[in-house]
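Student: Predicted model, plus sequence, below.
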Amino acid sequence: MSTDQRPENPESESTLRGGRTSQAGTALEKSMRILEAVAAPGGPHRLTDVMAAARVPKSSTFRILASLIAQGFVRSESDSRYGVGPRLFGLSATVVGGEPTGIEHILRELQQSTGQTVHLALHSGETITYIRKLESDQPFQTASRIGMRMPLHTTAIGKSILAHLPDKEAQTLITKAGLPRRTPKTLTTWPALEAELARVREQGFALDDEENEATIRCIGTAILDPQGRPIGGASITTVTFLVSREKIETYAPALAAATRALAAVM
């Protein structure tokens, strides 16, 4: 072996700097492999599967996953599985959005066809996180912003997500988060929310009728992964003094078509 030849084992603890390991480089490489394992098809994945795919010991995998979850790049499921988090989805959306068939194009078409504000949000534990917002053609702006986390029970996207989860899982999330009141119209009991989720499943969309913010009305549908699990959703947002409940419901077919297209891209 020549004097400048490096060891073949990428996990070797010997290194290039006087025999010491470059901890930053090693941590980065492990984190990248863990992200690739989490994002592999067929997820969310079990911890043992992530460890095996990433070739990282259990203690390191668990520690790195905890950090990635805290940063929003990975999400932890209730059955101890790990899936892609909202920040990683947001990063991929930024890349894909520049393509003609990308996320930005789909959302722009929806905004232009309705003239209303359009949101894209991803599911993150007991909340949703907005990763895209296209303002309406109207002379007003809503308070939402990219990166904002919102409750599941008060938003149209959140209720759509809950409606596509198993009842036990949805109730577990609500038990953890509670049902805090944001407006006089917020649903603050599980029986009331459960009945609302049944309506969402029946009609194919959810409504937030001033439940999250006074004078704001939204319609939302969930974005499903290939296994039928909700990863997020899209919504159309209006103000109550300009768009009636009956009118906003007419946007449901266009919104459903957009979320199907988003699911295919994402």
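Tutor: Thanks, I have the structure now.
Student: Let me see the ranges of the helices in the stretch 101-250 of the chain.
Tutor: Applying DSSP state H, counting those that start in this stretch to the stretch 101-250 of the chain gives helices spanning 103-114, 156-163, 167-177, 190-203, 245-249.
Student: would you list those in JSON lines and tack on mean pLDDT and mean neighbour count?
Tutor: C-betas here are computed from N, CA, C, even on glycine. Shown next, in JSON lines, are the helices of the stretch 101-250 of the chain (pLDDT from 0 to 100; neighbours: other CB atoms under 10 Å):
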{"stretch": "helix 103-114", "mean pLDDT": "92", "mean neighbour count": "19"}
{"stretch": "helix 156-163", "mean pLDDT": "97", "mean neighbour count": "29"}
{"stretch": "helix 167-177", "mean pLDDT": "92", "mean neighbour count": "14"}
{"stretch": "helix 190-203", "mean pLDDT": "96", "mean neighbour count": "14"}
{"stretch": "helix 245-249", "mean pLDDT": "95", "mean neighbour count": "13"}
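Student: quick one: which of those is nearest Ala264?
Tutor: Of all these, it is helix 103-114 that lies closest to Ala264, at 9.3 Å by CB to CB.
Student: returning to that earlier point: save the helices of the stretch 101-250 of the chain as CSV, and put in distance to Val50 too.
Tutor: Converted to CSV, the helices of the stretch 101-250 of the chain look like this (distance: least, CB to CB, whole Å):
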stretch, distance to Val50
helix 103-114, 26
helix 156-163, 24
helix 167-177, 21
helix 190-203, 31
helix 245-249, 41
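Student: To Ala52, which of those helices lies closest?
Tutor: Nearest of the helices of the stretch 101-250 of the chain (CB to CB): helix 167-177, 25.9 Å.
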